[in-house]
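S.K.: Got a predicted model here, sequence first, then my questions.
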Amino acid sequence: MVYDTIYIQCGNSVKRKPGYMGASPHTMGMTDNLETETNLELVAATVRPDAVKKMVLGACSEPRTLLQLRSAIASMCTVADKWMAITELTIVTGEARRFSLAHYGSATHYEDDMRECTAALGAMLPRVRKLILTGVTRNSIFTALYENLAGFYASQLQVLRSEHPVTAPQDIVFTQLKHVSIKGAYYPSYQLPRMCPESTECLKLEGITPSHSWATFSADNNGRVIIFPKLRKLSVVSCQPDRVRGAVEQHSTAPKWELQFPSLDHLAVQSHGTMCPLLEYAVLPPRMQSIDILA
């Protein structure tokens, strides 16, 4: 059997059964009742590091797992300083059992730790092209992890799939993204990170309010036309019913952008209103393979 994926699960809650005699052979880094599970030793014993293509990193919203995360990264570095063949990184977050942020203070106390972990992870995995962020949403502790990781790989990512709003400073531009899927969680003020429309081939936006500005795709803030020359698949899920009114009112004062999709083959739109303000000024090609509209 050839292993091409390393998984590391940090911060599992462990309930010991009567007669428990020891840890799993794939367990390391015990901290109180939390453990880290991984197949790292098995992978290292059976394949070369350059045969590993993917990494799946799981963590729960428990500050002590930050220590385990650093420990897991250190363990990988004992096998290889850099895992050059890993091009796909998946982060899966979950809620810790019986845990409250009130026990540890503000989540901002851990942002520096998250930045350090991100830097270490980025140095160890320098060739990531596909980043998947999934799991618990609106988790303040891991917001820094999502943003820092996405920002670290901004110049080289080709695929970004996130179940969380991803933001980045204005000076960070995702220049190579081909496939983008982002859930905005219907935050009225949420803006997508800056991307280049010239490289985008597949775009899926969910929970992005009408007040969103397409300016994030434009290098020219003075222009009002954005062309997506290679975009072939576009999927838009618009506002929730109870938020449409305020979002549309805010949208009415936002700058209007003409969006041109000359190569679009597939369009899917789901809107909880009578229109989809996100595509109000879209210019579609005369022929397409499929159009699905649910309103």
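M.R.: Sure, I can see it. Bear in mind that the values here come from a model prediction, so they are computed numbers and not experimental data.
S.K.: any idea of the mean pLDDT for stretch 6-26?
M.R.: Here stretch 6-26 scores 50 as its mean pLDDT.
S.K.: now stretch 165-183
M.R.: 88.
S.K.: Quote the end-to-end distance of that stretch.
M.R.: This stretch, stretch 165-183, spans 6 Å end to end (Cα to Cα, to the nearest Å).
S.K.: Which residues does it contact?
M.R.: Residues from elsewhere that reach stretch 165-183 (Cβ atoms under 8 Å, 6 or more residues apart in numbering): 133, 137, 146-147, 150-151, 154-164, 184-185, 187, 190-196, 199-208, 230. For glycine as for every other residue, the C-beta is placed from the backbone atoms N, C-alpha and C.
S.K.: Check which residues of that stretch are buried.
M.R.: 165-168, 172-174, 176-183 (16 or more other Cβ atoms under 10 Å).
S.K.: do stretch 74-81 as well
M.R.: Neighbour-count burial for stretch 74-81, counted by 16+ other Cβ under 10 Å, picks out 75-76, 79-80.
S.K.: would you turn these into CSV with secondary structure, distance to residue 124 and pLDDT?
M.R.: Listed next are the buried residues of stretch 74-81 as CSV, based on DSSP: H, G, I helix; E, B strand; the rest coil; distance: Cβ to Cβ, whole Å; pLDDT from 0 to 100:
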residue, secondary structure, distance to residue 124, pLDDT
75, helix, 11, 85
76, helix, 6, 88
79, helix, 10, 88
80, coil, 8, 87
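S.K.: Would you mind checking which of those is nearest to residue 294?
M.R.: residue 76 (44.2 Å; Cβ to Cβ).
S.K.: how is this structure carved up into domains?
M.R.: Split into domains by automatic domain parsing, the chain comes to 1-14+25-153, 158-295.
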